[in-house]
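A.B. asks: Sequence below, structure please.
(chains A, B, C and D)
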There are 2 protein chains.
Amino acid sequence: MGTQAPDLTVAVQDYLKAIYTLESSRERVTTSALASRMGVSAPSATAMTKRLAELGLVERAPYRGVALTDEGRRRALEVLRHHRLLERYLADRLGLALDEVHAEAELLEHALSEELEAKIDAELGYPTHDPHGDPIPDRELQLLHGSEQTLIDVEPGGRATITRVPDGDPELLRYLDGLGLVPGSDAVLVSFAPFDGPVTVRTDAGEHAISRELADRIAAT
Amino acid sequence: MGTQAPDLTVAVQDYLKAIYTLESSRERVTTSALASRMGVSAPSATAMTKRLAELGLVERAPYRGVALTDEGRRRALEVLRHHRLLERYLADRLGLALDEVHAEAELLEHALSEELEAKIDAELGYPTHDPHGDPIPDRELQLLHGSEQTLIDVEPGGRATITRVPDGDPELLRYLDGLGLVPGSDAVLVSFAPFDGPVTVRTDAGEHAISRELADRIAAT
DNA sequence: GTGTTCTTTTAGACATAGCTAAATCCGATT
DNA sequence: AATCGGATTTAGCTATGTCTAAAAGAACAC
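C.D. replies: Next comes the predicted model:
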């Protein structure tokens, strides 16, 4: 058997998660991007990337940013699995609102044992997506991610079902909830205003215009 | 309004809980007792008691140990409430066994927000006791503790219902579970062996002898 | 009352993770 | 190719919480 993987500190786990999500959005993971995402100073981020590199969790080139190693990606997915499973649980079993689950899961994710995680997973019936529509890595940390289209890919007049909204910004989530733009709800794409103008959608909550940038952050089928 | 109470670190909260339980068992809270309970060296405990005294959470007399202040007791009860509510939740809603809930709750208790605590409390119907039979402080941190009798207070031949067993030792809890000695179950006190010998009890699981010391740690009505 | 033993505290160190100020590097502009 | 500005790193410091080794205090035995 291989060497037992040591427990990672909470900070290390948080950085891994941040690097993973930055990589997912195809951004270069620079010191400043990481520092800004983590809400720390640039020197703090530099110091941490060195630690991560020593731990074999990232490849690091000075002045060039970092990239997750396979091991780093695995550990990041473990954290992500904890986070998203907890979000699902908090929404389904304790009735937390879409804008509340992220912060609570953030607090709890580092305190979740593997045993309890398994119990929760089973209790929920092995869910595949969190309440925002993000995929939950399965027990083997496999993540099903097909190519997604967003609201701006829907042709005018077309109908779509919302599959994913941005997580993490409670205010935005409350706004989207008011507009009827939540995972599972249907929306008709009424029109695109010219000159990169806003996108008008109709939902159960009526007709509303949102910016193209926001529309592109909302996935739909 | 008074000054906002600052958040306490996890370590501070753990020490407060340890001091509270030591005080509850009417032991003097000496440096060595605290160090042993926390699993740290004596100098570490000394250092922490100084910090607690600075924070106004304990009264400290060098070489004399510590005693909780009112504020310290309040904060300790907050932690205890988190812990015991979580134990109740884990047992009732996720089916964790009596010997498993303590360790899991220990992990989660510091990551529980007040909002989530309130939701869990309501979901459970405002429970008054944790699965081991220990009382859960209510929202005002009031704790109902009447004078308790234990198995050694039951007269020979008498019947009693178990109300509380020791928490925290999984092995002991599995043993007691095998003997049918869990909160809620009935027991008949068969006999006390002479010369401070063992106590024999009969439960659904049959007739078993346990030491007087253990019998005295099991509360019953 | 004195001494020995046990407990407690002091002293000094380490690891983690953050900060500011200053130095240095990279890349874009000229 | 030189320079300038922004990004990055180095240097040095702080706080928390742990440790071991050594000193100091308390308490008990005689």
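A.B. asks: C-alpha only now, for contacts and for neighbours.
C.D. replies: OK.
A.B. asks: I'd like to check the angle between the host helix or strand of A:D92 and helix B:70-94, please.
C.D. replies: A:D92 belongs to helix A:70-94 when assigned by DSSP states H and E. Going by axes from the mean of the first three to the mean of the last three Cα atoms, to 10 degrees, helix A:70-94 is angled at 90 degrees with respect to helix B:70-94.
A.B. asks: In chain A, what residue spans correspond to helices?
C.D. replies: Per DSSP state H, chain A carries helices over the ranges A:10-24, A:31-38, A:42-54, A:70-94, A:101-108, A:114-123, A:170-178, A:212-215.
A.B. asks: Please render those helices as CSV that adds mean neighbour count, distance to B:Y15 and mean pLDDT to the earlier fields.
C.D. replies: Shown next, in CSV, are those (neighbours: other Cα atoms under 10 Å in any protein chain shown; distance: least, Cα to Cα, whole Å; pLDDT from 0 to 100):
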stretch, mean neighbour count, distance to B:Y15, mean pLDDT
helix A:10-24, 18, 21, 97
helix A:31-38, 18, 30, 98
helix A:42-54, 17, 29, 98
helix A:70-94, 21, 28, 98
helix A:101-108, 20, 21, 97
helix A:114-123, 15, 25, 97
helix A:170-178, 15, 34, 97
helix A:212-215, 17, 47, 95
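A.B. asks: To B:P156, which of those lies closest?
C.D. replies: helix A:114-123 (42.2 Å; Cα to Cα).
A.B. asks: if we can go back for a sec, the helix holding A:D92 near DNA strand C anywhere?
C.D. replies: No - Helix A:70-94 is not in contact with DNA strand C by Cα under 7 Å from any atom of the strand; minimum separation 14.4 Å.
A.B. asks: So what's the gap between that helix and the chain middle?
C.D. replies: For helix A:70-94, the separation from the chain centroid amounts to 10 Å (computed by Cα atoms, centre = their mean, to the nearest Å).
A.B. asks: What is that helix packed up against?
C.D. replies: Under the contact criterion of 3 or more Cα pairs under 8 Å, 6 or more residues apart in numbering or on different chains; DSSP states H and E, helix A:70-94 touches helix A:10-24, helix A:101-108, helix A:114-123, helix B:114-123.
A.B. asks: one more time with 7 Å, if that's ok
C.D. replies: helix A:10-24, helix A:101-108 (3 or more Cα pairs under 7 Å, 6 or more residues apart in numbering or on different chains; DSSP states H and E).
A.B. asks: Now do the first one: which elements does it pack against?
C.D. replies: Using 3+ Cα pairs under 7 Å, 6+ apart, the elements in contact with helix A:10-24 are helix A:70-94.
A.B. asks: So which bits of chain A are right by DNA strand D?
C.D. replies: Counting by Cα under 7 Å from any atom of the strand, the residues of chain A close to DNA strand D are A:30-33, A:42-43, A:46-47, A:61-65.
A.B. asks: which one among these gets closest to A:P131?
C.D. replies: Lowest distance from A:P131 to these (Cα to Cα) belongs to A:A33, with 26.4 Å.
A.B. asks: A:A187 reaches A:G157, doesn't it?
C.D. replies: No - look at A:A187 against A:G157 with Cα atoms under 7 Å: they stay out of range, at 10.1 Å.
A.B. asks: Kindly report the residues of chain A close to DNA strand C.
C.D. replies: A:9-12, A:39-45, A:48, A:63.
A.B. asks: cutoff 6 Å now
C.D. replies: Residues of chain A lying close to DNA strand C by Cα under 6 Å from any atom of the strand are A:9-12, A:40-41, A:43-44, A:48, A:63.
A.B. asks: Which residue, other than its chain neighbours, is closest to A:E148?
C.D. replies: A:A219 (6.6 Å; Cα to Cα, 6 or more residues apart in numbering or on different chains).
A.B. asks: what about that neighbour, distance to chain B?
C.D. replies: 29 Å (Cα to the nearest Cα, to the nearest Å).
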